[in-house]
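>>> no sequence for this one, just the structure:
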């Protein structure tokens, strides 16, 4: 069992920290809003008043934060994670951020004798609660091996995909495909509706053939019914598409479909739909077509 | 058991006709190239020298032809299907064609006392051979009920999606999603390769999350290995995207992602890749990026 410091106890981080407690680890948690820390204490964890306090005695440090600047501030900042972590500690950043920032964090960690992994997750709140997340891990093989025990407490598909930043690169590819698949299902649905087709029967037969996808299964029915309660918010997917676009540009790549769906997501957010589930991209496609 | 006339004994129609024979139906087949007719006779069917001869005594008539003009010529043409079919016969067109042509065929059939269904299929050659196709059917409920027995000999997922043309509309939506999903997997793969990620591990973890799809499962590994033997040829998917675009325009719709992927498919065909499997769209994405 390990001493774990956990920073960022939100929708995803909260249940992940609780699952680490359940697995028998000693978890000290920190979050900006005290209510989330109180929840962890109720779940059997310990409270820290600062990030520094959460990581000072930890063998393993988890961070689960919204965006690249948050990770830079909390990990690299004055009195942050690296300023206070023990030499030999293992930092596992589960945030979805830019791959270049993950690489920079790993380099800064190495200078302090701290090993670092980027380990973004997929599966959303339900799988965070169930401890069945998919985790795409970048970093050294030794560090990946050392993380097996704690990652096994929060996820089931745990795959080492390459060196530092590679986890973020795969997560970016994930978000590119997911946004595109949502956009395509949205276009297909509007197309079927406009032609007066029975969309329940239509989606059923589409799901059984080569057009089948996890997006179609998980979101198709709700999209038919215009149920857009999150789930994963469009404004976060918009942030992630910024990461996709920047990482493509860094590698000198053009991604035509990824770029177009990024623009559609950006338009949805610009028009005030950022708090909807990302399947709410359907609204953008219907509005473009002057439909409801 | 029914007397079946079957016109179009190609990659898909050949095994479908053979499965009808296996199910105990009396199948009389016609194809322009005699070798395909000989194959049906070897499988236990009968040969017809003309389309007229194939349909003259048939209770049920199948057509499985490449494109809209072929169906118009064979079904509506002088000495074609409708000129020779018995009153009360049931015409099941499994070709993938324009929905408006399917509606026109159904109207012309009704004038001759022939019921008609549009029943395009999904699943490709393997599922045609296994008799496990997905079939999306447009037409009257009575005609759909009358077709259950013969359709059950060639497919397993058989869904009535609406009136005449609705089957083609759903097939068009299918082809829109499939082309888009192939394009997105291609962009994700080039993105991962450019960043030096282990793509085998990457595709594995993508397939386990919200980015999972039948395209990713069925085509991802072959795309990694640049194995583009058909399968379903890009030139046929290009034809189908023309149907998608025309049907969208007819309904007054804009489909941004569908339009873009249509252009990418068109470019692949223009550059001589029309005989490759549709997953060969990856070549277009790699070439756009100056990569192999």
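On my side now, so go ahead. Keep in mind that what you see is a predicted model, and the values were worked out from it rather than measured. Numbering: from 1, shown residues only, chains lettered A, B, ... in the order given.
>>> what sits up against the helix or strand bottoming out on mean pLDDT in chain A?
Within chain A, confidence by mean pLDDT, DSSP states H and E is lowest for helix A:124-130 among all helices and strands, at a mean of 89. Helix A:124-130 is contacted by residues A:11-12, A:14-16, A:121, A:133-134, A:154-155, A:231-232, B:210 when judged by C-beta atoms under 8 Å, 6 or more residues apart in numbering or on different chains. The C-beta positions use only the backbone N, C-alpha and C, and glycine is treated the same way.
>>> what helices and strands are in contact with the longest strand along chain A?
The strand that spans the most residues within chain A, counting by DSSP state E, is strand A:155-162. Packing partners of strand A:155-162 (3 or more C-beta pairs under 8 Å, 6 or more residues apart in numbering or on different chains; DSSP states H and E): strand A:133-138, helix A:141-151, helix A:166-194, helix B:199-207.
>>> and the ones you listed: which comes nearest residue B:139?
helix A:166-194 (16.6 Å; C-beta to C-beta).
>>> the closest one: how far from the chain's middle?
A distance of 16 Å separates the centroid of the chain from that of helix A:166-194, by C-alpha atoms, centre = their mean, to the nearest Å.
>>> got it, and stretch A:107-122?
Per C-alpha atoms, centre = their mean, the centroid offset for stretch A:107-122 relative to its chain is 17 Å.
>>> roughly how far out does the least confident helix or strand of chain A sit from the chain middle?
A distance of 11 Å separates the centroid of the chain from that of helix A:124-130, by C-alpha atoms, centre = their mean.
>>> mind listing what's buried in it?
Within helix A:124-130, the residues scored as buried using 16 or more other C-beta atoms under 10 Å in any protein chain shown are A:124, A:127-129.
>>> closest to chain B among the residues you listed?
residue A:124 (7.6 Å; C-beta to the nearest C-beta).
>>> average pLDDT across stretch A:10-30?
Averaged over stretch A:10-30, pLDDT sits at 97.
>>> does chain B sit close to it?
No - contact of stretch A:10-30 with chain B (C-beta under 8 Å from any C-beta of the partner chain) is absent, the minimum separation being 13.7 Å.
>>> ok, stretch A:94-112 next?
Yes - judged by C-beta under 8 Å from any C-beta, stretch A:94-112 comes into contact with chain B through residue A:99.
>>> repeat for stretch A:269-289
Yes - counting by C-beta under 8 Å from any C-beta, chain B is contacted by stretch A:269-289 at A:285, A:288-289.
>>> burial count for the closest residue to residue A:170 other than its chain neighbours?
Leaving out its chain neighbours, the residue that sits closest to residue A:170 by C-beta to C-beta, 6 or more residues apart in numbering or on different chains is residue A:136, at 4.2 Å. As a burial measure, residue A:136 scores 33 neighbours (other C-beta atoms under 10 Å in any protein chain shown).
>>> what's whatever residue of the stretch 1-150 of chain A ends up closest to chain B sitting at in phi/psi?
Distances between the stretch 1-150 of chain A and chain B by C-beta to the nearest C-beta are smallest at residue A:122, namely 3.5 Å. Dihedral pair for residue A:122: phi -140, psi 150, per degrees, to the nearest 10.
>>> what ranges do the helices span in chain A?
Using DSSP state H, the helices of chain A run over A:13-22, A:34-42, A:51-55, A:68-71, A:81-84, A:99-111, A:124-130, A:141-151, A:166-194, A:199-207, A:214-224, A:234-250, A:256-268, A:281-288.
>>> most tightly surrounded among these?
For the helices of chain A, the largest average neighbour count (mean count of other C-beta atoms under 10 Å in any protein chain shown) is found in helix A:166-194, namely a mean of 28.
>>> do me a favour and average the pLDDT over that helix.
98.
>>> how big is the angle separating that helix from strand B:155-162?
50 degrees (axes from the mean of the first three to the mean of the last three C-alpha atoms, to 10 degrees).
>>> can you list contacts of stretch A:231-249?
A:66-68, A:96-100, A:124-125, A:168-169, A:171-173, A:175-176, A:178-179, A:254-255, A:258-259, A:261-262, A:265-266, A:268-269, A:273-281, B:191, B:195.
>>> so where's chain A uncertain?
Within chain A, the set of residues satisfying pLDDT under 70 is empty.
>>> domain parsing for it?
Using the TED database, the domain ranges for chain A come out as A:3-162, A:169-289.
>>> how close does the residue nearest to residue A:291 when sequence neighbours are not counted get to residue A:270?
Nearest non-adjacent residue to residue A:291, counting by C-beta to C-beta, 6+ apart: residue A:190, 6.5 Å away. From residue A:190 across to residue A:270, the span is 20 Å (C-beta to C-beta, to the nearest Å).
>>> what's the answer for residue A:204, then?
Taking C-beta to C-beta as the measure, residue A:204 falls 34 Å from residue A:270.
>>> ok, residue A:237 next?
14 Å.
>>> just residue A:186 next, same as before
From residue A:186 to residue A:270 the distance is 17 Å (C-beta to C-beta).
>>> and residue A:191, by the same measure?
24 Å.
>>> also residue A:156?
Applying C-beta to C-beta to residue A:156 and residue A:270 gives a distance of 37 Å.
>>> ok, the two, which is more surrounded?
More crowded of residue A:156 and residue A:270, by other C-beta under 10 Å: residue A:156, with 15 against 11.
>>> got the contact list for the residue nearest to that one when sequence neighbours are not counted?
Closest residue in space to residue A:156, ignoring its immediate chain neighbours: residue A:132 at 4.7 Å, by C-beta to C-beta, 6+ apart. For residue A:132, the contacting residues are A:123, A:155-156, by C-beta under 8 Å, 6+ apart.
>>> any figure for the gap between the residue in chain A sticking out farthest from the centre and chain B?
Taking C-alpha atoms, centre = their mean, the residue of chain A most remote from its mean C-alpha position is residue A:196, at 37.2 Å. Distance, residue A:196 to chain B, using C-beta to the nearest C-beta, to the nearest Å: 7 Å.
>>> that residue and residue B:161 touch, don't they?
No - counting by C-beta atoms under 8 Å, residue A:196 does not reach residue B:161; the two are 10.3 Å apart.
>>> make a markdown table from the domains of chain A and add distance to residue B:31 to it.
Formatted as a markdown table, those follow (distance: least, C-beta to C-beta, whole Å):
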| stretch | distance to residue B:31 |
| --- | --- |
| domain A:3-162 | 48 |
| domain A:169-289 | 26 |
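>>> which one of the ones you listed lies nearest to residue B:52?
Closest among the domains of chain A, using C-beta to C-beta: domain A:169-289, at 33.2 Å.
>>> distance between the closest one and the chain's centre?
On C-alpha atoms, centre = their mean, the centre of domain A:169-289 falls 16 Å from that of its chain.
>>> for it, measure first residue to last.
34 Å (C-alpha to C-alpha, to the nearest Å).
>>> which parts of the stretch 51-200 of chain A sit against chain B?
Within the stretch 51-200 of chain A, the residues that sit near chain B (C-beta under 8 Å from any C-beta) are A:99, A:122-124, A:134-136, A:157, A:159-163, A:165-166, A:169-170, A:172-174, A:176-178, A:180-181, A:183-185, A:187-188, A:190-192, A:194-198.
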